[in-house]
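In: Starting from these lines, generate the structure:
(one chain, ligands or ions: 1)
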Amino acid sequence: MVRIIRINPGDSLYAQEVALREQVLLRPLGLDFGRFVELFPGYEDRFEHFVAVFDHPAGQRVIGCVLLLPDEPERGVGKLMQMAVDPQRQGEGLGRRLVVELECRGFGELGLRELYCHAQRGAKGFYEKLGWVREGEEFSEAGIPHVKMVLVAPDEEEGLD
Ligand SMILES: CC(C)(COP(=O)(O)OP(=O)(O)OC[C@H]1O[C@@H](n2cnc3c(N)ncnc32)[C@H](O)[C@@H]1OP(=O)(O)O)[C@@H](O)C(=O)NCCC(=O)NCCS
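Out: Down below sits the predicted model:
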C-alpha cells in the first residue's frame, strides 16, 4: 500500500526524500542537494514536504515527493517544487495523488488563492492532466526549457464569473 503523508526535515523519512530528489531531479541537471540549497537559500526550511510512502516488509520506502512553498512570491500564492516519482513507480498515479494532496493543503488549510510551478517542458502534459494551465512563454531554468503552470483555487475561479 502507498500512503501520501506530510513530513518535516526532522522525520526519519526525510533522508530518503532528499535521495529521491537527487536521483530523479538534481543529478540529471548536474546538481546535488547542497547545490540546490545554495541556489534556493532559505527555501528548505520553508517547504512543506509531501511524500509517497510504500510500506515494504523491510521498512518504509519513499517513492515519490513534492514540496509546497507557501506565500511565494507573495502572500496567498504557493509554489510547487521538486515533484519526483521513483522511475520504477511512474505511471501509477502517484504523481497525481501527491499534487492533489498539495492542492488540498494549499487551497484548504492554508487558504491560498493560487498555486504555480516551473514545469520542465516534458512534464507540462502531466500538470495539464491535473487541470493546471500554462501561463506565458517558455523560459530557461537550470539550463533546460521550462513553462510556468498555474492552478487557481476553485472558489477564486467562481468569483471570476
Ligand atoms: C512527471 C512525473 C512527476 C509524473 O508522475 P507519475 O506518477 O508518473 O504520473 P501519474 O501516473 O500520476 O500521471 C497522471 C496523469 O498524467 C499523465 N502524465 C504523466 N507524466 C506525463 C508527462 N510527462 N507528460 C504528459 N502526461 C503525463 C499520465 O498519463 C496520467 O494521465 P491519465 O490521468 O490520463 O492516466 C514523474 O513522471 C516524474 O517524476 N518524472 C521525472 C521528474 C519530473 O519530470 N518531474 C517534474 C519536474 S517539473
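In: quick one: the helices in this protein?
Out: Along the chain, the segments classed as helices by DSSP state H run 14-21, 33-39, 43-46, 94-103, 124-129, 154-159.
In: rank these by pLDDT, which is bottom?
Out: Among the helices of the chain, helix 154-159 has the lowest mean pLDDT, at a mean of 75.
In: What strands flank the longest strand seen in the chain, and is each parallel or antiparallel?
Out: Criterion DSSP state E: the longest strand present in the chain is strand 59-70. Paired neighbours of strand 59-70 in the sheet (DSSP bridges): strand 48-56 (antiparallel), strand 77-85 (antiparallel).
In: can you list contacts of stretch 5-22?
Out: 32-33, 36, 44-45, 48-51, 53, 60-65, 82, 84, 86, 101, 105 (C-beta atoms under 8 Å, 6 or more residues apart in numbering). Quick note: C-beta positions are derived from backbone N, CA and C, even for glycine.
In: Which positions in it come out as buried?
Out: 7, 13-14, 16-18, 20-22 (16 or more other C-beta atoms under 10 Å).
In: circling back: among the contacts of stretch 5-22, which are in reach of the ligand?
Out: Intersecting those with the contacts of the ligand gives residue 84 (criterion: C-beta under 6 Å from any ligand atom).
In: out of the contacts of stretch 5-22, which are buried?
Out: Neighbour-count burial (16+ other C-beta under 10 Å) applied to those gives 36, 44, 48-51, 53, 61-65, 82, 84, 86, 101, 105.
In: returning to what we had before: in a markdown table, list the helices of the chain along with distance to residue 1.
Out: Putting the helices of the chain into a markdown table (distance: least, C-beta to C-beta, whole Å) gives the following:
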| stretch | distance to residue 1 |
| --- | --- |
| helix 14-21 | 17 |
| helix 33-39 | 28 |
| helix 43-46 | 29 |
| helix 94-103 | 12 |
| helix 124-129 | 23 |
| helix 154-159 | 29 |
